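>>> Sequence first, predicted model second:
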Number of protein chains: 2
Amino acid sequence: MDSVWFGKPRPGSGQPLGLSREVIVRKAVEVLDEHGLQKLSMRKLAAELGAAPMSLYWHVPTKDALIELCLDEIYGEFDLPAPDADWEPALRGMMHSLRHLALKHPWWVRGIGEFNSIGPNAVAMADSMLETMLRAGLSIAAAAQSVSAVSSYVMGHAIAEVNFTARGGMDAPPPDLGKIADLYREKHPRYVAMLGEQEVWSLEGQFEFGLDCVIDGIKARVTALRS
Amino acid sequence: MDSVWFGKPRPGSGQPLGLSREVIVRKAVEVLDEHGLQKLSMRKLAAELGAAPMSLYWHVPTKDALIELCLDEIYGEFDLPAPDADWEPALRGMMHSLRHLALKHPWWVRGIGEFNSIGPNAVAMADSMLETMLRAGLSIAAAAQSVSAVSSYVMGHAIAEVNFTARGGMDAPPPDLGKIADLYREKHPRYVAMLGEQEVWSLEGQFEFGLDCVIDGIKARVTALRS
DNA sequence: GCGAGGTCTCGTACGCTGTAAGGTGCTCGT
DNA sequence: ACGAGCACCTTACAGCGTACGAGACCTCGC
């Protein structure tokens, strides 16, 4: 059957499709947001783009490279602070932005641990954080350590959050919360008691508590190192 | 050829091998330590055990379940603190132990983000941390938040460390450090300047700096909440 | 006009993966 | 002696990343 093909060229013929590195990355991020890292496959991605699987490999050398591009794409959503803001609100804002990215793109936090983060957007973010702490009066080394400290905390917490909500949040069904409690009640009563506390389940509050702790510690060092 | 088979029963016949959940998990951890999460396959694991691939499925329902067992196995290596230790040194010790586990088993930190951590050993660890902070005089909720704060930091930092050393550490070869510097020198001079600082590359020192920050913050809250 | 070369897309194929379904023989209780 | 159940195996399937090479198309130099 040699029927007419409307709109874009027919997949299956060698016609020029609208593929490009950016288009592929964008669609990949879309798929990742919806289905997660494990379920992304070159074949399905190609299908979503109306292309044959191997067509992607002209624009992207390998799947891992594509994922690195996707990771950096998310770094690009990071909110840079106003260049004249005070260091503390600027730092807080950046950390909230970081957490926001993580919760919006759960696959992103998990992926960061397995791939390089030296793409342009990742570096721009790191540079911006660094600059903020330099403006606070720290040396380069002290600024780098401070940035590492806060962002390590934020990423660690984000991973825990993402993992938690991925399993159903506070109304976790599969191995019901009650069953866990029963399992460990006698051996680890404090743990079980914690599961019953309301405040514990406020991820927002928990995040803020830890962030305050780290920033307090840094603040003390900023004033000490600056004098 | 029907030659003799020495020692253990020949794989390929239905003879009873020494398989068991524990044996499989132990070997899996061995493989994971050596080759990482991505390279672990049921087939290779079975081969290492001298068994057919599908034999493992008698003892373990699925690969993901096996990985969860492996993760909890590592939690089992965690050093519990002496039950009468002061809270601060106890907490510090536990955090060092946690970091030690992460550096020893890089696949572990990465895996934690994708799987449940409610195995017996993981819960024992959490319970022990919780108990330490309760002994410091905190409420259950405050203790839980404190534990979440420090361990989030430690895990976040551990991921960064593992990722960093996996790429060759400070003598990173593939996209040479110099090339990265050249690439970003004009756009992000502060970032490049940081790469040249010696102190920045001391992971140990960096870890300790951040840990001090978080614990300082917690200490302030402990004394405030206790009074 | 016409061939050369570059750019993009595709078909085929290989070796790998997790695991569902269904055997096979051993060991034991009766 | 014989069925039950346990431990292990074979076979098979659907899916994966991607190496390789074959076109189709566009843009040049001539």
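Structure received. Since the model is a prediction, treat every value here as computed from it, not as a measurement.
>>> Tell me where the longest helix sits in chain A.
helix A:140-166 (DSSP state H).
>>> Lowest mean pLDDT among the helices and strands of chain A, which one is it?
Least confident helix or strand, chain A: helix A:177-184 with a mean of 89, by mean pLDDT, DSSP states H and E.
>>> which residues touch A:Leu19?
The neighbours of A:Leu19, taking CB atoms under 8 Å, 6 or more residues apart in numbering or on different chains as the test, are A:49, A:51, A:55-56, A:58-59. All C-beta atoms are positioned from the backbone trio N, CA, C, and that covers glycine.
>>> what does A:Val214 give?
A:Val214 makes contact with A:149-150, A:153, B:149, B:153, B:210, B:213-214, B:217 under the criterion CB under 8 Å, 6+ apart.
>>> Of the residues you listed, just say which sits nearest to B:Ile67.
Nearest to B:Ile67 among these is B:Tyr153, at 24.8 Å by CB to CB.
>>> ok, the closest residue in space to that closest one that isn't next to it in sequence - contacts?
Setting aside the residues directly before and after it, B:Tyr153 is nearest to A:Tyr153 in space (CB to CB, 6 or more residues apart in numbering or on different chains), at 4.2 Å. Residues touching A:Tyr153, when contacts are defined by CB under 8 Å, 6+ apart, comprise A:210-211, A:214, B:149, B:152-153, B:156, B:210, B:214.
>>> Quick check: A:Gly113 touching B:Ala166?
No. Taking CB atoms under 8 Å as the definition, A:Gly113 is not a contact partner of B:Ala166, at 9.4 Å.
>>> Compare the two (neighbour count), which wins?
Under the criterion of other CB atoms under 10 Å in any protein chain shown, the comparison of A:Gly113 against B:Ala166 puts A:Gly113 first, with 24 against 14.
>>> Distance of that one relative to B:Glu30?
Spatial separation of A:Gly113 from B:Glu30 under the definition CB to CB, to the nearest Å is 22 Å.
>>> Likewise for A:Ser117?
When CB to CB is the yardstick, A:Ser117 and B:Glu30 sit 30 Å from each other.
>>> of the two, who's got more company?
Just comparing A:Ser117 and B:Glu30: by other CB under 10 Å the higher neighbour count belongs to A:Ser117, 19 against 13.
>>> and the more buried one, helix, strand or coil?
Classification of A:Ser117 into helix, strand or coil gives coil, according to DSSP: H, G, I helix; E, B strand; the rest coil.
>>> residues touching it, list them.
Taking CB under 8 Å, 6+ apart as the contact definition, A:Ser117 lies against A:71-72, A:75, B:163.
>>> Closest to DNA strand C out of those?
Within these, distances to DNA strand C taken as CB to the nearest atom of the strand reach their minimum at A:Asp72, with 21.1 Å.
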